[in-house]
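Visitor: generate coordinates for the sequence data below:
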Amino acid sequence: MLRVREIPQGEAESLHRLMNRTRDPTVMRRCQVVFHSMQGFSPPKFTAPLRRAMVDVALSSPRDHGYAFGPWTLDRLRDTLVMDGVVESISKERLREILHEEAVSFLAIKTWKESKDPKFRQKVQRLRELTNREHNPPIVVAADEMGPISLKPYGGRSWAAQGHPDRVRATYRRTLGVRHLMGMYDYYHHTFRGYLSPRKRGSDWVRFLRYVRSWYPSGGRIYLIQDNLSAHTTPACRREARRLRISLVPTPTNASQWNPIETHFRSLRQKSLTGSDFRDWRSLGRALQGGMRELNQLHNARLPRKLTRCLWVRR
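Guide: The predicted structure is shown next:
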C-alpha cells in the first residue's frame, strides 16, 4: 500500500491549518487523506458484493425495512446501511459516489399504461411491418383526433424581458363550444394535414375517411393506423373504408404510443397555441394550419435531397 513520505512538523502544521480553515470540501477531504496515510490508517474498501448490497437497499422501499417515510434520502440510507450491518461506516458523499458509479440516480416516479389486448403481439407485428418498409413502401397514414380544443387563452413559455412576462387574459365563461382536430400523418412522406370538426362521431369519421382519400386520387390502397375509439369502427365507417380502399389498422388497446401521429400533436400545440388568445374558430384554424405547414417544412428539411434531374435526359 502506498504511503505519503514523512512530513516535517512545519508542513504538518500548515496542512492542519489549511484543513481547518478551507471552505472547499475537496481540499479538506484531501488533507484528511494525507493525515490518515501519515498516521497509518487504511481507507475502507467497498468490494463488488458490498456495492451490490448497498444498491439493493437503495432500490428497495423503506417500508420493506420497517420505516414509514417515503423515498430514501442519503442520510436515511446511510444510517440504515450502518444499522443493518451492511457497512461499518460510510460518508454521505462516498455513498452518493458509489450510487452514481452503479448507475443509480434519484428519478421522478412515473406512471405507465399496460395493454391487456389479447391480440397485442399480432397488432404490433402488423404495425412494424407497415412502418419498416425500405423499398416500395405502401401508403401508410396515421390518424387521430386532437382535442377537445377551446377558444381560451393558452399559456406556456416564451422569451420576454426579465420581470415582464407575456400575459394573456383570464376567462371564466366559455360559451363557444369545443372543436376537435381531425389529423392525418403520412408516415413515409412526413406530411401532416387536418381540419377542425365540431364533433367526433361516426358520421364525422366517415367524412374524415373521404378527406384522407382526397389526398391520394390515384386509388392506391391506404393503410390507416387508428385507435380503438368506437366511432372509428361503426358499420358506416367500415362500409366507407371498403368503398374507398382504406384498410383500417387498429393499435393495441391502451397503447396509443404505437400511433405515429401522437408524437406530433404536442409539437403542433406548442407551435400553434402557446401564448395565444383566439376569439373565433377561423383564427384558431388558421393558426393550426400554419403550425402544420411548419412541421411539414421541418420534416422535409431532414430528408436527404433526392435526384430532381429526369433520368431520361441525356448529357
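Visitor: got a list of contacts for stretch 257-268?
Guide: Residues outside stretch 257-268 that contact it (CB atoms under 8 Å, 6 or more residues apart in numbering) are 123-124, 127, 131, 142-144, 146, 181, 183-185, 187, 192, 225-227, 251-252, 256, 288, 291-292, 295. From N, CA and C alone the C-beta is placed, and that goes for glycine too.
Visitor: which positions within that stretch qualify as buried?
Guide: Within stretch 257-268, the residues that count as buried by 16 or more other CB atoms under 10 Å are 258-262, 264-265, 268.
Visitor: scan this structure for its longest strand.
Guide: Determined from DSSP state E, the single longest strand within the chain is strand 139-150.
Visitor: after that strand, next one along is what?
Guide: Note on strand 139-150: by DSSP states H and E, the next helix or strand toward the C-terminus is strand 178-186.
Visitor: that following strand packs against which elements?
Guide: Using 3 or more CB pairs under 8 Å, 6 or more residues apart in numbering; DSSP states H and E as the contact criterion, the secondary-structure elements in contact with strand 178-186 are strand 139-150, strand 191-197, helix 202-214, helix 262-273, helix 281-302.
Visitor: and the angle from that strand to helix 202-214?
Guide: Interaxial angle of strand 178-186 relative to helix 202-214 (axes from the mean of the first three to the mean of the last three CA atoms, to 10 degrees): 30 degrees.
Visitor: restrict strand 178-186 to CA atoms and write it as CSV.
Guide: Written as CSV, here are the backbone C-alpha positions of strand 178-186 (Å, rounded to 0.1, in the frame of the first residue of the first chain):
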residue,chain,number,x,y,z
VAL,A,178,-65.2,23.0,-28.5
ARG,A,179,-63.6,21.6,-31.6
HIS,A,180,-61.5,18.5,-32.5
LEU,A,181,-58.6,18.5,-34.9
MET,A,182,-59.1,15.5,-37.3
GLY,A,183,-55.5,14.9,-38.1
MET,A,184,-53.7,12.6,-40.6
TYR,A,185,-49.9,12.0,-40.8
ASP,A,186,-48.4,10.4,-43.9
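Visitor: tell me which residues in it are buried?
Guide: Using 16+ other CB under 10 Å as the test for burial, strand 178-186 gives 179-186.
Visitor: equivalent analysis for stretch 76-91, please.
Guide: Within stretch 76-91, the residues scored as buried using 16+ other CB under 10 Å are 77-78, 80-81, 87, 90.
Visitor: next one: stretch 279-288
Guide: Those buried within stretch 279-288 under the rule 16+ other CB under 10 Å are 284-285, 287-288.
Visitor: and the chain, what are its domains?
Guide: Each structural domain of the chain that the record assigns through automatic domain parsing is listed here as a residue range: 9-101, 120-302.
Visitor: wait, which of these is closest to I109?
Guide: Nearest to I109 among those is domain 9-101 (8.4 Å), distances taken as CB to CB.
Visitor: comparing the domains of the chain by mean pLDDT, which bottoms out?
Guide: Set side by side, these differ in mean pLDDT, and domain 9-101 is lowest with a mean of 85.
Visitor: need the distance between the two termini of that one.
Guide: Domain 9-101 has an end-to-end distance of 38 Å (criterion: CA to CA, to the nearest Å).
Visitor: now it, how far from the centre of its chain.
Guide: Remark: domain 9-101 is offset 35 Å from the chain centroid, using CA atoms, centre = their mean, to the nearest Å.
Visitor: what do you get for stretch 210-228?
Guide: The offset between the C-alpha centroid of stretch 210-228 and the centroid of the whole chain comes to 29 Å, using CA atoms, centre = their mean.
Visitor: related to what we said a few turns ago, need the winner for burial among the domains of the chain.
Guide: With neighbours defined as mean count of other CB atoms under 10 Å, those peak in mean count at domain 120-302, which reaches a mean of 15.
Visitor: could you export stretch 240-252 as CSV, CA atoms only?
Guide: Extracted as CSV, the C-alpha positions of stretch 240-252 are listed here (Å, rounded to 0.1, in the frame of the first residue of the first chain):
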residue,chain,number,x,y,z
GLU,A,240,-67.0,3.6,-46.4
ALA,A,241,-63.5,2.3,-45.8
ARG,A,242,-64.1,-0.7,-48.1
ARG,A,243,-65.5,1.6,-50.8
LEU,A,244,-62.5,4.0,-50.6
ARG,A,245,-60.0,1.1,-50.5
ILE,A,246,-58.8,2.0,-47.0
SER,A,247,-57.6,-0.8,-44.7
LEU,A,248,-58.2,0.1,-41.0
VAL,A,249,-55.2,-0.9,-38.9
PRO,A,250,-56.0,-0.7,-35.2
THR,A,251,-53.5,0.0,-32.5
PRO,A,252,-53.5,-2.2,-29.3
